[in-house]
Each structure stands twice: as structure tokens, then as C-alpha cells.
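From the sequence below, what's the structure:
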Amino acid sequence: MITCFGKNISLAVVSATLCVIAFRAVGQDASDDTAAWYPPRVAEVRSRLFAWIEDQTVDSNVIEAAKQLWNIETTPGPITADELLDATLRTAALIDSRVAKLVGQCDRPVGELPLSEVDVVGDQSLPPLVRDNLRLLYGRWLACERLYDEAGEQLEGLTVGDVVDPASLLFYQAVVHHRMLDQARGLAAIEKLLRGPTDTPRRYVSIAGLMQVDLENLEDESLDHIARRMQDIERRLDLGRAGEKTREVEDGVIASLDKLIDEMEKQQQNSGGGGAAALQPSAPAEASRIMAGKGPGEVDPKAIGSESGWGDLPPKQREAALQQISQQFPSHYRAAIEQYFRRSAREGIGSRGTGNR
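Just a heads-up that it's a prediction; the model follows:
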């Protein structure tokens, strides 16, 4: 059984693949993003699959083995989309060794098969029933392994009319868009998933609802948005991806932090120094009045400059600033600011964060 949700995503991918064929068979319009969708009919999927097998030159033992995989039709109770996807791709694996290799890979962790060798998903000689469902299976596996860029490439363009498990397709498309902070496309996939039948897997519906609320409240360039992009950088580095794309995300994070810190400085200046403004008396003494005290009341002038010097704070003051941030925002935001300081020091960014990146 092909399994994978969270860390077990492959089974969901297989399910999503089989749905597409069945949808087209029953006449569902996959181009209508507002339409409800329904699971495929098992008999129709089996018929299309075995029609392809009959066109191949295969041994009678292979055909018999394929029929055994479809004994699911005689089991009590309804056949789940996971079982249908599994049966479809396991059957195709009997005919094509490349399919068998990929199906086996999706049962194992990443790293045991170079991604560059997986070319069967783009083979136009395979029937859409097999090819599209393989893309779903592979895309789900990639998503489980946190390879969201590659997963998005596989799932891109697939619709509920292309696979036998539309619920899995929509769910993992939503997962990829959510993790890549693609708000519009993520919400579109979630909304379509939630328009599905009442027997849509509860785990998909529950998690999709949480992702929906999360994406609806996500604000561009907020600390939360920046922190998530930093988590994406950590993910890429954990996977050994330190190339151009990762550097692009890093540069974007630094630019966003520069902008955010600049806005915070302006707010402090406009409020008269932040917390110090709260200490100003509501009725200050008249300038001509001599206040009680000793001494002439003169102080030595200090040249404080025209810049705030945020990026050049001494260690103790910098730590105090970070403590203040920790009190006002969740703890993981502190890591974002600390990285900003480190990057500033390493690359020579000035007190206003306008140096080379």
C-alpha cells in the first residue's frame, strides 16, 4: 500500500491521480473552478486501465496479477480513493518497469533515487490515466519530503478531471501553496476542496480549514511573513539547497527586515522616542520659571548625530532592543532580527540598512 500523509503523503497522491480519469468519464467539467466535484466510478477506472493493458504485449501471468489487484471490488464496503489510486498505479507498474521504480521510490524517504532520474512522469507515450496519476503520486511524495518547489511543478496544471483522487490533488496543491506563501492560489485550492462531497477525508477538510484561516490572516511584509520566509530558507539549507533560489529568498528577507526596521525607527521618531514620550508631563513648567534645585542647571553638550544608529548599537543596547522585541512578538521573530544584525555586520550594512546586499 502506498502511504503518505504529513510524512505519509504518497497514498494521498495516488488517490488524487485516479480521480481525474473518472471525472472525465462521467462528464465533469474540470475547467469550471466553481463547480462541485465528485469521486470517480471504480468500474470506469478499471475499464480504461485494462483497455490500455490489452494494447500492450504482456504475458498472461501479468494480466492475471493485474486482475488480482482489482479484487478490491469484491471487498465489503465502499472503495476509498486511496485504494483506487493504489490499485491503478500498482497495475500500471506491472506493465512498465519505470512506473514500478517510481511507485517503489514513493514508499521510501528522499535520497535513495536521484530526482533527475524520474522522467517517466513526463512520458507522453503513457496514457493520461497513468501519466497524470503518477504526477499526483510523485508530487505528494515530494511534498511529504518538504521539496515544495518540485512538488509544485508536478501538481501544477492538474485538475480534478485529470486524476482519480481529486481530494488529494486539491489538498496537496493547497499544502504547497501554503508553504510557499502563495495566498491567492492556496485559498483557491482550499475553497475548491471544501466544495467536495461529504465523504471527503476528514483529515483533509480539518487541515484545509486551518490553512484557510492562516492564509486569510497572513499579511505581506509582516514579521510573521518574514519569519516564515526565514523558515523556508532553513528548510532549503537542511535539504542542501544553497543555490540561486535560496540566495534570492535570503536577499528578500534582508530587504524586508530593512524596510520593517526603518518603519519602526520612523514611528519612534514621530512619537518622540517611543516609551520616552509617555514620560513627558501633561503640563510642563513655564520656561521663565526657576525650578527648585542646586547648581546652575547647565549640562555638557553631546553630539548625538542625526541618525539613530540602529545597526551600530553596542552589544548591551542591542540585547536590550532584542529583549523588547521578544516581549512584544512571538519568540521566533527574535531569530529574524538576530539574523538581520549578523547579516548587517557581515556585509557592512550602515546604520539605516542601506549597504550592499
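
so where is the stretch 101-250 of the chain shaky, pLDDT-wise?
Along the stretch 101-250 of the chain, segments meeting pLDDT under 70 span 111-117.

Now do the strands in it.
163-164 (DSSP state E, counting those that start in this stretch).

which residue ranges form the helices in it?
128-144, 148-155, 166-179, 183-193, 202-216, 223-238, 244-270 (DSSP state H, counting those that start in this stretch).

out of those, nearest to V120?
Across the helices of the stretch 101-250 of the chain, V120 has its closest neighbour in helix 128-144 (6.6 Å, CB to CB). No exception for glycine: its C-beta is placed from N, CA and C like everyone else's.

by contact count, what packs against that closest one?
helix 10-25, helix 42-54, helix 81-95, helix 97-105, helix 148-155, strand 163-164, helix 166-179 (3 or more CB pairs under 8 Å, 6 or more residues apart in numbering; DSSP states H and E).

Out of the helices of the stretch 101-250 of the chain, which gets nearest to A81?
Of all the helices of the stretch 101-250 of the chain, helix 166-179 comes closest under CB to CB, at 6.3 Å.

now for the closest one, which elements pack on it?
Packed next to helix 166-179, using 3+ CB pairs under 8 Å, 6+ apart, are helix 10-25, helix 81-95, helix 128-144, helix 148-155, helix 183-193, helix 202-216.

if we go to 7 Å?
Helix 166-179 sits against helix 10-25, helix 128-144, helix 148-155, helix 183-193, helix 202-216, with contacts defined as 3 or more CB pairs under 7 Å, 6 or more residues apart in numbering; DSSP states H and E.

how many degrees apart are the second one and helix 166-179 in direction?
Note on geometry: by axes from the mean of the first three to the mean of the last three CA atoms, to 10 degrees, helix 128-144 and helix 166-179 are set 40 degrees apart in direction.

Same question for the last one.
Taking the same axes, to 10 degrees, helix 202-216 and helix 166-179 form an angle of 30 degrees between their directions.

which residues are in contact with helix 202-216?
5, 167, 171, 174, 178, 183, 186-187, 190, 193-194 (CB atoms under 7 Å, 6 or more residues apart in numbering).

Need the buried ones from those residues selected in ChimeraX.
To isolate the buried ones among the contacts of helix 202-216 in ChimeraX, judged by 16 or more other CB atoms under 10 Å, type:
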select :5,167,171,174,178,183,186,187,190,193
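
before we move on, back to that, want to try TSV for the helices of the stretch 101-250 of the chain, with distance to I95 as columns?
Below are those laid out as TSV (distance: least, CB to CB, whole Å):
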stretch	distance to I95
helix 128-144	9
helix 148-155	21
helix 166-179	23
helix 183-193	32
helix 202-216	30
helix 223-238	37
helix 244-270	37
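
Among those, which comes closest to T57?
helix 128-144 (16.6 Å).

and the angle from the closest one to helix 97-105?
30 degrees.

tally of neighbours for the residue nearest to E153 when sequence neighbours are not counted?
For E153, ignoring the flanking residues on the chain, the nearest one in space by CB to CB, 6 or more residues apart in numbering is G139 at 8.0 Å. Burial measure for G139: 30 neighbouring residues, criterion other CB atoms under 10 Å.

So G139 sits against G157, correct?
No. Taking CB atoms under 7 Å as the definition, G139 is not a contact partner of G157, at 10.8 Å.

where do the contact lists of these two overlap?
If you check G139 and G157 against CB under 7 Å, 6+ apart, no residue is contacted by both.

a markdown table please, covering the helices and strands packed on helix 128-144 and showing distance to M230.
Below are the helices and strands packed on helix 128-144 laid out as a markdown table (distance: least, CB to CB, whole Å):
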| stretch | distance to M230 |
| --- | --- |
| helix 10-25 | 28 |
| helix 42-54 | 44 |
| helix 81-95 | 35 |
| helix 97-105 | 31 |
| helix 148-155 | 15 |
| strand 163-164 | 34 |
| helix 166-179 | 13 |
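
Just say which of these is most tucked in.
strand 163-164 (a mean of 36; mean count of other CB atoms under 10 Å).

ok, A167 touching D199?
No. Applying CB under 7 Å, one finds A167 not in contact with D199, separated by 9.1 Å.

Between all of the contacts of helix 202-216, which two are at the greatest distance?
Taking CB to CB, no two of these sit farther apart than F5 and Q183, at 23.8 Å.

Could you chop this protein up by domain?
Using automatic domain parsing, the domain parsing of the chain gives 10-169, 219-270+310-357.

Give me the phi and psi for S222.
Backbone torsions of S222, given as degrees, to the nearest 10, read phi -80, psi 170.

C106 too?
Dihedral angles (degrees, to the nearest 10) for C106: phi -70, psi 0.

For D132, see how far away it is.
15 Å (CB to CB, to the nearest Å).

Next, count neighbours for R131.
19.

How about the contacts made by it?
121, 123.

again, only this time at 8 Å
121-124 (CB atoms under 8 Å, 6 or more residues apart in numbering).
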